[in-house]
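>>> Need coordinates for the below:
(chains A and B)
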Amino acid sequence: MSDERGVDRRGFLQCMAWTGTGLLWSVAGGVLSSRAIGVGTAEAQTAPASFHFAQISDTHIGFKGAANPDAMGTFEAAIARIKALDPKPAFLIHTGDITHGQKAGAFDVASEALKGTGIDRAFYVPGEHDVFADGGTEYLNRFAAGRPGRGWQSFDYGGVHFVGLVNVLTYKAGGLGSLGAEQLEWLERDVAGLASSTPVVVFAHVPLWTVYPQWGWVTDDATQALAYLKRFGSVTVLNGHIHQIMQKVEGNVTFHTARSTAFPQPAPGAAPAPGPLKVPVEELRGMLGVREVTYAPGKDRLAVVDASLA
Amino acid sequence: MSPWRWMALAVTAVPALLLGASSPAWSQRDGGPQIEIKAHGYGTPQLTVPPGTTVTWINHDDDPHTVTSTENVFRSPGIDTDETYSYTFTKPGIYDYFCTLHPLMTGKVVVRSGS
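This next block holds a predicted model:
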């Protein structure tokens, strides 16, 4: 894949991101490109990949609003979509807002249902909907017990360093999502010993780039985190929160936001406020989806497939 | 509380009405003022009441919201669509609050004797 085509594909993505069309993303030398998927999905699956993983986001268990009267049904459709991936993804990443209202039993419903993907290992980061009612106690006890810090984590898989960041536990009146000093210090230490050639994948709920501060679609101290990652040749940032696909490339860092499985949200500034967006019923599933990310060492190429539930 | 007292409160709320959205900033409910949450905002960002007043918030958004005191004086659960939350202010003071889901949403209740 040439760089030139990559630029074209990026341009294509920027158009298609708003339409809810499935996309294939690829990385060469840390730069992402994309094309629409459909029958092309088969091509991604036959790529010489050593491993791939799935991302699911904003499942909002318990959502009953008009924007999706059957959010459990679309969640199950997302699970079926992931289960159908062949070969089976190495693990699953959930980028937060597992629940909608943090009601009793909602985390159980989510984690039990996600076993239906057939994937054994799942990594979670919280969204604000998972921690707002109790300051994160239930989430941390369930998903981060025994780990130092407040839910952040890192692990290595197949030569790639994965970092899960938490940017919803420091909400203050009038403020925005943030990582906080303790987590930033941890991140600096965490990546300090890595070779700059190590591919890094960062996942967090609220976007780590400035999408739309007026709606809180930003992490106010993300710049510091990104400074620690600047020396790496390939950094891929996976976020949720905004329930739509957006992309930004900044140096060697490529940012992606993911679709929800529960309901879409308006494009930035396209409504008086963020929140569940009601669309014609026949359009809904095209605006919901899941993501598959494939890494192939040696080729330094990462493929990201966003598939809608349509 | 006498009807006259509430009328006085209604008058003090008029500037907020003029400055705010087109919908009423707050209305009376069960003998106390009601703040309407809409489009990620508290209908009356600042409300002044006498001690003993029960204030009710009602959520008209499809998103859940909270009414959470910055000083941990009160903390609502998630207020879902069309649900309400009430709190009775007994002591004079300035009570800042925000939504723990959407922290850009902020409001204030001023509790003052004779208001």
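>>> interface residues of the stretch 1-150 of chain A facing chain B?
In this structure, the stretch 1-150 of chain A approaches chain B at residues A:65, A:66, A:67, A:100, A:101, A:102, A:103, A:128, A:129, A:132, A:133, judged by CB under 8 Å from any CB of the partner chain. C-beta: built from backbone N, CA, C; applies to glycine.
>>> closest to residue B:82 among the residues you listed?
residue A:65 (10.7 Å; CB to CB).
>>> Please give the element, helix or strand, for the closest residue to that closest one other than its chain neighbours.
Of all residues not flanking residue A:65 in the chain, residue B:62 sits nearest, at 4.4 Å (CB to CB, 6 or more residues apart in numbering or on different chains). Assigned by DSSP states H and E, residue B:62 belongs to neither a helix nor a strand.
>>> What separation is there between residue B:62 and residue B:80?
Distance, residue B:62 to residue B:80, by CB to CB, to the nearest Å: 9 Å.
>>> With secondary structure as added columns, please give the residues of the stretch 1-150 of chain A next to chain B in TSV.
Converted to TSV, the residues of the stretch 1-150 of chain A next to chain B look like this (DSSP: H, G, I helix; E, B strand; the rest coil):
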residue	secondary structure
A:65	coil
A:66	coil
A:67	coil
A:100	coil
A:101	coil
A:102	coil
A:103	coil
A:128	helix
A:129	helix
A:132	coil
A:133	coil
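>>> tell me the two of those residues that are most distant?
Pairwise over those, using CB to CB, the maximum falls at A:66 and A:133, 22.9 Å.
>>> Who has more neighbours out of the two?
residue A:133 (23 against 10; other CB atoms under 10 Å in any protein chain shown).
>>> The more buried one contacts residue A:104, doesn't it?
No: with contact defined as CB atoms under 8 Å, residue A:133 does not count as touching residue A:104 (10.3 Å).
>>> can you give me the strands in chain A?
Ranges of strands in chain A, per DSSP state E, are A:23-28, A:31-36, A:51-56, A:92-94, A:122-124, A:153-157, A:160-164, A:200-203, A:235-239, A:246-250, A:253-257, A:289-296, A:301-308.
>>> Give me the mean pLDDT for the last one.
The one in question is strand A:301-308. Mean pLDDT, strand A:301-308: 84.
>>> Nearest the middle, which residue of chain B would you pick?
residue B:35 (4.2 Å; CA atoms, centre = their mean).
>>> Need the three-state assignment for that one.
strand.
>>> pLDDT score for it?
On the pLDDT scale, residue B:35 is placed at 98.
>>> Could you measure from it over to residue A:57?
From residue B:35 to residue A:57 the distance is 32 Å (CB to CB).
>>> do the same with residue B:78
On the measure of CB to CB, residue B:78 and residue A:57 end up 20 Å apart.
>>> do residue A:65 as well
18 Å.
>>> More neighbours: these two, which one.
Between residue A:65 and residue A:57, residue A:57 has the larger neighbour count (other CB under 10 Å), namely 31 against 20.
>>> OK, contacts around that one?
Listed by CB atoms under 8 Å, 6 or more residues apart in numbering or on different chains, the contact set of residue A:57 reads A:94-97, A:205, A:239-241, A:258-261, A:291.
>>> What is the nearest of the residues you listed to chain B?
Of all the contacts of residue A:57, the one sitting nearest chain B is residue A:97; the distance, using CB to the nearest CB, is 10.0 Å.
>>> what's the burial count for the nearest residue to the closest one once chain neighbours are set aside?
Closest residue in space to residue A:97, ignoring its immediate chain neighbours: residue A:127 at 3.3 Å, by CB to CB, 6+ apart. A count of neighbours around residue A:127, defined by other CB under 10 Å, yields 30.
>>> Is it correct that residue A:127 is in contact with residue A:205?
Yes: Residue A:127 lies in contact with residue A:205 (CB under 8 Å); the separation is 4.2 Å.
>>> Overlap in contacts, those two.
With CB under 8 Å, 6+ apart as the test, residue A:127 and residue A:205 both reach A:95, A:96, A:97, A:168, A:240, A:241.
>>> can you pick the most crowded of these?
residue A:241 (31 neighbours).
>>> Tell me who's in contact with the nearest residue to that one once chain neighbours are set aside.
The shortest distance from residue A:241 to any non-neighbouring residue, by CB to CB, 6+ apart, is to residue A:206 (4.8 Å). By CB under 8 Å, 6+ apart, residue A:206 lies in contact with A:127, A:128, A:167, A:168, A:177, A:216, A:217, A:218, A:219, A:239, A:241.
>>> Let me know the pLDDT of residue A:177.
At residue A:177, pLDDT is 89.
>>> correction: residue A:154
98.
>>> the helices in chain B, which residues?
B:3-19 (DSSP state H).
>>> Could you work out the end-to-end span of stretch A:251-271 for me?
Length of stretch A:251-271, first residue to last, CA to CA, to the nearest Å: 31 Å.
>>> In contact with residue B:42, which residues?
Residue B:42 is in contact with B:35, B:57, B:105, B:106, B:107, counting by CB under 8 Å, 6+ apart.
>>> If you could redo that for residue A:122, that was the one I meant.
The contact partners of residue A:122, taken as CB under 8 Å, 6+ apart, are A:91, A:92, A:93, A:94, A:111, A:114.
>>> who's in contact with the fifth one?
Contact criterion CB under 8 Å, 6+ apart gives residue A:122 as the residues in contact with residue A:111.
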